[in-house]
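*Asks:* Just a sequence and a predicted model for now, questions to come.
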Amino acid sequence: MFKRFLLIIAGCIFALAFAYVRQPYVEFIPVMSVPVSNKVIIVDAGHGSPDERC
């Protein structure tokens, strides 16, 4: 029972370490932003086909 518990803990630690090492390098690129105060924003789903009422 204790051996199984240690094996599960070791597997979790290995999986977390592997996931941490495999993370790609993320580079943040600064972008210009503009204020949207007093503006109307319209969001269109734009599925590309007529709505079949689904």
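*Replies:* Arrived safely.
*Asks:* contacts and neighbour counts: CA atoms only from here.
*Replies:* Fine.
*Asks:* how about low-confidence regions in this protein?
*Replies:* 23, 47-54 (pLDDT under 70).
*Asks:* switch the cut-off to 80
*Replies:* 20-26, 33-34, 36, 44-54 (pLDDT under 80).
*Asks:* Show me the helices in it, by range?
*Replies:* For the chain, the helices defined by DSSP state H occupy 2-21.
*Asks:* CA atoms only: put stretch 19-31 into PDB for me.
*Replies:* This file holds the C-alpha atoms of stretch 19-31, laid out as PDB (Å, rounded to 0.1, in the frame of the first residue of the first chain):
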ATOM      1  CA  ALA A  19       5.100  19.800 -18.000                       C
ATOM      2  CA  TYR A  20       7.200  22.600 -16.500                       C
ATOM      3  CA  VAL A  21      10.300  21.800 -18.600                       C
ATOM      4  CA  ARG A  22       8.300  21.400 -21.800                       C
ATOM      5  CA  GLN A  23       6.700  24.900 -21.600                       C
ATOM      6  CA  PRO A  24       7.600  26.900 -24.700                       C
ATOM      7  CA  TYR A  25       9.400  30.200 -24.200                       C
ATOM      8  CA  VAL A  26       6.700  32.900 -24.400                       C
ATOM      9  CA  GLU A  27       7.800  36.300 -25.500                       C
ATOM     10  CA  PHE A  28       5.400  39.200 -24.800                       C
ATOM     11  CA  ILE A  29       5.200  41.700 -27.500                       C
ATOM     12  CA  PRO A  30       3.900  45.200 -26.600                       C
ATOM     13  CA  VAL A  31       1.100  46.400 -28.700                       C
END
